[in-house]
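Q: what follows is a protein structure lacking sequence information:
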(Lines give C-alpha, C1' and ligand atoms only; values in the text may rest on other atoms or scores of the structure.)
Protein backbone atom coordinates (compact mmCIF):
# COMPACT_ATOMS: atom_id res chain seq x y z
CA UNK A 1 0.00 0.00 0.00
CA UNK A 2 2.74 2.43 1.00
CA UNK A 3 4.85 1.63 -2.07
CA UNK A 4 1.80 2.18 -4.30
CA UNK A 5 1.43 5.70 -2.88
CA UNK A 6 5.13 6.41 -3.41
CA UNK A 7 4.94 5.15 -7.00
CA UNK A 8 1.91 7.34 -7.58
CA UNK A 9 3.75 10.37 -6.14
CA UNK A 10 6.76 9.70 -8.42
CA UNK A 11 4.45 9.37 -11.40
CA UNK A 12 2.81 12.70 -10.53
CA UNK A 13 6.25 14.33 -10.26
CA UNK A 14 7.17 13.02 -13.70
CA UNK A 15 3.88 14.24 -15.19
CA UNK A 16 4.37 17.68 -13.66
CA UNK A 17 7.95 17.75 -14.89
CA UNK A 18 6.82 16.78 -18.40
CA UNK A 19 4.45 19.76 -18.48
CA UNK A 20 7.18 22.05 -17.13
CA UNK A 21 9.79 21.10 -19.72
CA UNK A 22 7.40 20.89 -22.67
CA UNK A 23 8.60 24.19 -24.27
CA UNK A 24 12.22 23.00 -24.49
CA UNK A 25 11.64 19.23 -24.58
CA UNK A 26 12.70 18.73 -28.22
CA UNK A 27 15.63 21.18 -28.24
CA UNK A 28 18.99 19.44 -28.63
CA UNK A 29 22.12 20.87 -27.04
CA UNK A 30 25.64 20.82 -28.38
CA UNK A 31 27.09 18.91 -25.44
CA UNK A 32 25.51 16.30 -23.15
CA UNK A 33 23.24 17.70 -20.48
CA UNK A 34 23.87 15.09 -17.80
CA UNK A 35 26.39 12.55 -16.59
CA UNK A 36 26.22 9.22 -18.43
CA UNK A 37 25.66 7.40 -15.12
CA UNK A 38 22.47 9.35 -14.56
CA UNK A 39 21.05 9.19 -18.09
CA UNK A 40 22.35 6.60 -20.54
CA UNK A 41 20.80 8.16 -23.64
CA UNK A 42 23.13 9.70 -26.21
CA UNK A 43 20.45 12.17 -27.30
CA UNK A 44 20.68 15.61 -25.71
CA UNK A 45 17.01 16.52 -25.63
CA UNK A 46 15.08 16.91 -22.40
CA UNK A 47 12.42 14.69 -23.94
CA UNK A 48 14.87 11.78 -24.27
CA UNK A 49 15.93 12.15 -20.65
CA UNK A 50 12.32 12.34 -19.50
CA UNK A 51 11.52 9.15 -21.42
CA UNK A 52 14.45 7.43 -19.70
CA UNK A 53 13.14 8.58 -16.31
CA UNK A 54 9.74 7.15 -17.21
CA UNK A 55 11.42 3.83 -18.09
CA UNK A 56 13.12 3.95 -14.69
CA UNK A 57 9.69 4.38 -13.07
CA UNK A 58 8.40 1.40 -15.02
CA UNK A 59 11.39 -0.70 -13.92
CA UNK A 60 10.76 0.42 -10.34
CA UNK A 61 7.15 -0.75 -10.58
CA UNK A 62 8.28 -4.17 -11.82
CA UNK A 63 10.86 -4.44 -9.03
CA UNK A 64 8.20 -3.54 -6.44
CA UNK A 65 5.84 -6.16 -7.89
CA UNK A 66 8.64 -8.77 -7.81
CA UNK A 67 9.59 -7.72 -4.26
CA UNK A 68 13.23 -7.14 -5.17
CA UNK A 69 14.05 -4.91 -2.23
CA UNK A 70 17.66 -4.03 -3.14
CA UNK A 71 16.71 -3.21 -6.71
CA UNK A 72 13.72 -1.16 -5.50
CA UNK A 73 16.00 0.91 -3.26
CA UNK A 74 18.55 1.53 -6.02
CA UNK A 75 15.92 2.33 -8.67
CA UNK A 76 14.02 4.68 -6.35
CA UNK A 77 17.21 6.58 -5.51
CA UNK A 78 18.24 6.66 -9.18
CA UNK A 79 14.80 7.89 -10.30
CA UNK A 80 14.79 10.60 -7.64
CA UNK A 81 18.22 11.76 -8.85
CA UNK A 82 16.94 11.83 -12.45
CA UNK A 83 13.88 13.85 -11.46
CA UNK A 84 16.00 16.29 -9.46
CA UNK A 85 18.45 16.73 -12.35
CA UNK A 86 15.66 17.33 -14.85
CA UNK A 87 14.04 19.83 -12.49
CA UNK A 88 17.31 21.75 -12.07
CA UNK A 89 17.90 21.75 -15.82
CA UNK A 90 14.40 23.05 -16.50
CA UNK A 91 14.75 25.74 -13.83
CA UNK A 92 18.11 26.97 -15.11
CA UNK A 93 17.14 26.91 -18.79
CA UNK A 94 16.50 30.65 -19.05
CA UNK A 95 20.00 31.39 -17.75
CA UNK A 96 21.61 29.70 -20.73
CA UNK A 97 21.59 32.31 -23.47
CA UNK A 98 23.98 30.22 -25.58
CA UNK A 99 21.63 27.26 -25.46
CA UNK A 100 18.16 28.72 -25.56
CA UNK A 101 15.41 26.81 -27.35
CA UNK A 102 14.36 29.63 -29.67
CA UNK A 103 17.45 30.58 -31.68
CA UNK A 104 19.30 27.23 -31.79
CA UNK A 105 20.16 26.61 -35.39
CA UNK A 106 19.30 30.17 -36.47
CA UNK A 107 21.91 31.60 -34.08
CA UNK A 108 24.62 29.39 -35.56
CA UNK A 109 23.49 30.16 -39.10
CA UNK A 110 23.75 33.88 -38.32
CA UNK A 111 27.25 33.32 -36.95
CA UNK A 112 28.20 31.41 -40.09
CA UNK A 113 26.88 34.23 -42.29
CA UNK A 114 28.78 36.86 -40.27
CA UNK A 115 32.01 34.85 -40.50
CA UNK A 116 31.52 34.30 -44.25
CA UNK A 117 31.08 38.04 -44.75
CA UNK A 118 34.13 38.71 -42.61
CA UNK A 119 36.11 36.18 -44.67
CA UNK A 120 35.08 37.94 -47.90
CA UNK A 121 36.13 41.34 -46.52
CA UNK A 122 39.50 39.93 -45.40
CA UNK A 123 40.12 38.38 -48.82
CA UNK A 124 39.25 41.70 -50.52
CA UNK A 125 41.60 43.57 -48.18
CA UNK A 126 44.39 41.08 -48.88
CA UNK A 127 43.88 41.34 -52.68
CA UNK A 128 43.92 45.14 -52.43
CA UNK A 129 47.22 45.05 -50.49
CA UNK A 130 48.74 42.60 -53.01
CA UNK A 131 47.78 44.91 -55.90
CA UNK A 132 49.31 47.89 -54.07
CA UNK A 133 52.44 45.81 -53.34
CA UNK A 134 52.95 45.21 -57.07
CA UNK A 135 52.81 48.97 -57.70
CA UNK A 136 55.01 50.41 -54.90
CA UNK A 137 58.62 51.32 -55.50
CA UNK A 138 60.13 51.93 -52.07
CA UNK A 139 61.47 49.17 -49.87
CA UNK A 140 59.80 50.62 -46.74
CA UNK A 141 56.36 50.55 -48.36
CA UNK A 142 56.96 46.98 -49.58
CA UNK A 143 57.91 45.88 -46.06
CA UNK A 144 54.82 47.55 -44.60
CA UNK A 145 52.53 45.89 -47.16
CA UNK A 146 54.18 42.49 -46.57
CA UNK A 147 53.46 42.86 -42.84
CA UNK A 148 49.86 43.79 -43.52
CA UNK A 149 49.41 40.87 -45.93
CA UNK A 150 50.89 38.45 -43.38
CA UNK A 151 48.59 39.79 -40.67
CA UNK A 152 45.58 39.47 -42.98
CA UNK A 153 46.56 35.89 -43.83
CA UNK A 154 46.62 35.08 -40.11
CA UNK A 155 43.22 36.66 -39.57
CA UNK A 156 41.88 34.83 -42.62
CA UNK A 157 43.19 31.49 -41.28
CA UNK A 158 41.56 32.07 -37.88
CA UNK A 159 38.32 33.10 -39.56
CA UNK A 160 38.28 29.90 -41.62
CA UNK A 161 38.98 27.81 -38.51
CA UNK A 162 36.03 29.49 -36.79
CA UNK A 163 33.87 28.77 -39.84
CA UNK A 164 34.86 25.09 -39.70
CA UNK A 165 33.90 24.96 -36.01
CA UNK A 166 30.56 26.60 -36.76
CA UNK A 167 29.93 24.10 -39.57
CA UNK A 168 30.63 21.21 -37.16
CA UNK A 169 28.17 22.63 -34.62
CA UNK A 170 25.52 23.07 -37.30
CA UNK A 171 26.10 19.51 -38.50
CA UNK A 172 25.55 18.22 -34.95
CA UNK A 173 22.41 20.32 -34.50
CA UNK A 174 20.85 19.19 -37.76
CA UNK A 175 21.43 15.44 -37.37
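A: Received it, and whenever you're ready, just let me know what you need. All of these numbers come straight from a predicted model, not from anything done at the bench. Numbering: from 1, shown residues only.
Q: figure out the helix or strand that residue 143 lives in.
A: helix 139-173 (DSSP states H and E).
Q: report all helices and strands that that helix contacts.
A: Packing partners of helix 139-173 (3 or more Cβ pairs under 8 Å, 6 or more residues apart in numbering; DSSP states H and E): helix 104-135. Yep, even glycine has a C-beta here, placed from its N, CA and C like the rest.
Q: what's the angle from the helix it packs on to helix 139-173?
A: Between helix 104-135 and helix 139-173, the angle comes out at 160 degrees (axes from the mean of the first three to the mean of the last three Cα atoms, to 10 degrees).
Q: and helix 104-135, average pLDDT?
A: Averaged across helix 104-135, the pLDDT comes to 90.
Q: how about stretch 15-24?
A: If you average the pLDDT over stretch 15-24, you get 84.
Q: centre of the chain versus it, how much separation?
A: Counting by Cα atoms, centre = their mean, to the nearest Å, stretch 15-24 is centred 19 Å from the centre of its parent chain.
Q: list the buried ones in that stretch?
A: By neighbour count on 16 or more other Cβ atoms under 10 Å, the buried set for stretch 15-24 is 17-18, 20-21, 24.
Q: show me those that map onto helices.
A: In this view, those that belong to helices under DSSP state H are 17-18, 20-21.
Q: okay if I get those residues as JSON lines plus distance to residue 56?
A: Below are those laid out as JSON lines (distance: Cβ to Cβ, whole Å):
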{"residue": "17", "distance to residue 56": "13"}
{"residue": "18", "distance to residue 56": "14"}
{"residue": "20", "distance to residue 56": "18"}
{"residue": "21", "distance to residue 56": "16"}
